[in-house]
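J.: Compute the structure for the input listed below.
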Amino acid sequence: MLEHILFGFSQLADPMLIFWIVISVVGGSIVGAMPGISPTMAVALILPFTFTMNPVEGLIVLGGIFVGGVYGGSISAILLNIPGAPANIATIIDGYPMAKKGQGRRALVASAIASAHGGMLGALGLMLFAPLLAVFALQFGTAEIFWVAIFGLVIIASLGSGKELIKGLISGGFGVWLGIIGVSPTTGDARFTFGMVDLWGGISLVPAMVGFFAFAQVMVYFEDVMKKGERQVIQAHSQKGDVFALYKEMWTKFKATQFIGGIAGLITGLMPGVGAQVGGIVAYDQVKRYSKNPEEFGKGKIEGVIAPEFANSTTVGMSLVPTFTLGIPGSPTAAILLGGLLIHGLWPGPLLFTENADIAYTFMAGFFVSQIVVLFAAIFILKYAAHLLKVKEYYMGPTIIALCFFGAFAVNNNFFDVYVMLALGIAGYFLLKIGITPIAAILGLVLGAIAEQNFLLGYRIAMARDGLFEFFFMRPISMVIIGLIILLIASTIWMERNRMIKEVQRKKENPEIDDGPKYKGIFSVDAIVGMVVVALCIGVWRLYLVNLPHEAAMFPIAAFQVIAVIGIIQIIYATKVHSDRVGWIPWRIIAEVSIACIIAVSIINYVGFYTTIFFLMIFVGARMVAASGKNSISYLPKIILFSLGAMTFLYLAFGVFLFIPTPRGILF
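T.: Below you'll find the model as predicted:
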């Protein structure tokens, strides 16, 4: 292993790899600092543009965006009180109060140093634990891999309370259905293609990710602009020598804080699906718990910035351990990196560290160097942090829309993928509105296919040997994984039960508490969602799946039966627990933007790719201005100039530099 690690670092003598590390980390930090663009969204947008790179360069770019995005989110958390990513939620608690007290620069520098230190620890953990876990994974057969895929779906779905567990499982089931679309892996029968040849190849992963994580978030972005309007940024003026002074202080006064953050990050990062936000919150809680002055937390204490930022950066590297070895993403962004592996022809597991060891260890070496680059990038970026946060919504929204089009099209140079991106993006927005996260849907799309392939292969082996029950349920490793799945579901339900009991007790003790209007019963939102799920599953099963050949229908029937049971549980749960309102939806703007995008795809072959996107950006920018309550006509010249500049940059980057072919029409 040491030999492979040294080989990986020796490969970084290539100036091009260092160039990509610097560019991706700096770019990720800048993008992460902008509210509305999470690291997951940024990596999903960049993924299609790594196709023209070799696997090492592509993975290093994705890793750099990931690293930079998690750090960059702390900038908006401290100066705007808006976390740039879920990982930075705990940073707000003391970071923003520090900024209000005039210590914004100190908080930003502390965040940068803690992120770099935590990232290095996470990178070292990745180098150490991933190869060891990969050796253990050699003992996995088809049955074990099947259960690991199911475990990955459940653990991603169970990040929150019992209600979120059920909705997460519904989301995962939706993703599994998306993965079933196409040709059966064993019989070659078409499933859910509805006579469309474009669906025979299935739903491509990248358009799905871009739709769920980028286009859907643009809709949420519109909604936030309409609700909140202009953002107020607190200034953070630089002081000579403050970086070096605080760096020394980190190694003297705050060693224990960093130690607690590191332990929290290592443990939570190794848990698949837990995510950096949990690591940050756990680290903050523990530092506060063991502090001599816990009452000072929440009022602008620097330890409240150092601990969560150290922890969330540590989890970045550790989340890739189960991703690379078992194919279970340790976080939503790691799920996108898993897609990057698959798209570049690499498969998670032991072979990644044997047959593709040069790629794996070079990536890990580059990932470590990325943490060092974070610190130097931060010193440069912090001089302009306030300016970055002042980027207007009518520039941000159109740019994201344009990148969504580029990203979806670049996969197969196919406009059908753009339609898929739009459809899943709109669906993803409405899933978010009813409290269903699309993260589990993406995992369902990835892990569902893995589960089906191994189930069918295991089925054939089992029928020739011991039988289905013995093969899938009685093998030692399978039994352990099944036990973990049951324990995970049971513990989540138990925690939700305790939460409900405490909530009832709290309301009894404080009857004046009013949590706002909520619904309960068979006509609540959650109950309606459950009824729709059950009806669709039974309808598809009885009217469509029964007509497919036995092997082609086995896994889909089992999947739809399980999803129907989950839907029934959702209905029962909704009659017992209050359901939140769906919330306000800007129907007119959502409809206008969606229709404009569909029209753009329809005419893009005739008008030209860049010209069509140029006009679409102008329209989206104007609607963004109108959404914020301003006169869009007065801002139109700025929007046109920005759109022209953006399209020029995109043409040079993707048309000239990356050689991505796009259709030319009557205008360009």
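J.: burial measure for L636, as a count.
T.: 15 (other CB atoms under 10 Å). For the C-beta atoms, the positions are set from N, CA and C on the backbone; glycine is no exception.
J.: Looks like it contacts R623 (just checking).
T.: No: look at L636 against R623 with CB atoms under 8 Å: they stay out of range, at 11.8 Å.
J.: Could you list the low-pLDDT ranges of the stretch 51-200 of the chain?
T.: Within the stretch 51-200 of the chain, the ranges that satisfy pLDDT under 70 run 81-86, 137-138, 155-164.
J.: Quick one: the strands in it, in order.
T.: All strands of the stretch 51-200 of the chain, identified by DSSP state E, counting those that start in this stretch, fall at 182-183, 190-191.
J.: Quick one: find the helix or strand in this protein with the lowest mean pLDDT.
T.: None of the helices or strands of the chain scores lower by mean pLDDT, DSSP states H and E than helix 385-388, at a mean of 62.
J.: so where's the stretch 551-668 of the chain shaky on pLDDT?
T.: Using pLDDT under 70, the stretch 551-668 of the chain drops low at 577-583, 654, 657-660, 665, 667-668.
J.: can you give me the helices for it?
T.: 587-607, 609-627, 632-650 (DSSP state H, counting those that start in this stretch).
J.: One more: the stretch 351-500 of the chain?
T.: Using DSSP H, counting those that start in this stretch, the helices assigned to the stretch 351-500 of the chain run over residues 357-381, 385-388, 393-410, 415-433, 439-464, 468-473, 476-509.
J.: Now render the ones you listed as TSV, adding distance to G262.
T.: Shown next, in TSV, are the helices of the stretch 351-500 of the chain (distance: least, CB to CB, whole Å):
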stretch	distance to G262
helix 357-381	13
helix 385-388	26
helix 393-410	34
helix 415-433	33
helix 439-464	26
helix 468-473	39
helix 476-509	25
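J.: So for I585, which of those sits nearest?
T.: Nearest to I585 among the helices of the stretch 351-500 of the chain is helix 415-433; the distance by CB to CB comes to 6.2 Å.
J.: Just want the angle from that closest one to helix 609-627.
T.: Angle of helix 415-433 versus helix 609-627, following axes from the mean of the first three to the mean of the last three CA atoms, to 10 degrees, is 20 degrees.
J.: contact partners of helix 415-433?
T.: 171, 174, 178, 198, 203-204, 206-208, 210-216, 218-220, 404-405, 407-409, 411, 437-438, 441, 582-583, 585, 590, 594, 597-598, 601, 604-605 (CB atoms under 8 Å, 6 or more residues apart in numbering).
J.: ok, of those, which come out buried?
T.: Buried by 16 or more other CB atoms under 10 Å: 171, 174, 178, 203-204, 206-208, 210-216, 218-219, 404-405, 407-409, 411, 437-438, 441, 590, 594, 597, 601, 604, out of the contacts of helix 415-433.
J.: Residues in contact with stretch 617-635: which ones?
T.: The contact list for stretch 617-635 (CB under 8 Å, 6+ apart) reads 222, 225-226, 229-230, 393-395, 397-399, 401-402, 586, 589, 592-593, 596, 636, 639-640, 642-643, 646-647.
J.: Please spell out the PyMOL selection for the buried subset of these.
T.: Typed into PyMOL, the next command selects the buried ones out of the contacts of stretch 617-635 (criterion: 16+ other CB under 10 Å):
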select buried, resi 222+225+226+393+394+395+397+398+399+401+402+586+589+592+593+639+640+642+643+646+647
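J.: and G125, what does it touch?
T.: 266, 269-270, 314, 317-318, 321.
J.: and if we set it to 10 Å?
T.: 262, 265-266, 269-270, 314-315, 317-318, 320-321 (CB atoms under 10 Å, 6 or more residues apart in numbering).
J.: just A553 next, same as before
T.: Here A553 is in contact with 184, 187, 189, 191, 541, 544-547, 560 (CB under 10 Å, 6+ apart).
J.: at 7 Å what do you get?
T.: L545 (CB atoms under 7 Å, 6 or more residues apart in numbering).
J.: Same question for G304.
T.: 93-94, 284, 297.
J.: coming back round to it: which one of the helices of the stretch 551-668 of the chain lies nearest to S76?
T.: Of the helices of the stretch 551-668 of the chain, nearest to S76 by CB to CB is helix 609-627, at 18.4 Å.
J.: Send me that closest one as CSV with only the CA atoms.
T.: Written as CSV, here are the backbone C-alpha positions of helix 609-627 (Å, rounded to 0.1, in the frame of the first residue of the first chain):
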residue,chain,number,x,y,z
PHE,A,609,-27.3,25.7,-29.6
TYR,A,610,-25.4,28.8,-28.3
THR,A,611,-27.9,31.3,-29.7
THR,A,612,-30.9,29.5,-28.2
ILE,A,613,-29.2,29.3,-24.7
PHE,A,614,-28.3,33.0,-25.1
PHE,A,615,-31.9,34.0,-25.5
LEU,A,616,-33.0,31.6,-22.7
MET,A,617,-30.5,33.2,-20.3
ILE,A,618,-31.9,36.6,-21.1
PHE,A,619,-35.5,35.4,-20.4
VAL,A,620,-34.5,33.6,-17.1
GLY,A,621,-32.5,36.7,-16.0
ALA,A,622,-35.5,39.0,-16.7
ARG,A,623,-37.9,36.7,-14.8
MET,A,624,-35.4,36.6,-11.9
VAL,A,625,-35.4,40.4,-11.7
ALA,A,626,-39.2,40.4,-11.8
ALA,A,627,-39.3,37.8,-9.1
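J.: So which bits of it are buried?
T.: Using 16+ other CB under 10 Å as the test for burial, helix 609-627 gives 609-627.
J.: Same check on stretch 473-482?
T.: Within stretch 473-482, judged by 16+ other CB under 10 Å, the buried ones are 475, 478, 481-482.
J.: Just the CA trace of it, in PDB.
T.: C-alpha atoms of stretch 473-482 as PDB (Å, rounded to 0.1, in the frame of the first residue of the first chain):
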ATOM      1  CA  PHE A 473     -30.400 -15.100   3.800                       C
ATOM      2  CA  MET A 474     -28.200 -17.700   5.400                       C
ATOM      3  CA  ARG A 475     -24.700 -16.600   4.400                       C
ATOM      4  CA  PRO A 476     -22.800 -15.100   7.300                       C
ATOM      5  CA  ILE A 477     -22.000 -11.700   5.700                       C
ATOM      6  CA  SER A 478     -25.500 -11.400   4.300                       C
ATOM      7  CA  MET A 479     -26.900 -12.100   7.800                       C
ATOM      8  CA  VAL A 480     -24.800  -9.300   9.300                       C
ATOM      9  CA  ILE A 481     -25.900  -6.800   6.600                       C
ATOM     10  CA  ILE A 482     -29.600  -7.800   7.000                       C
END
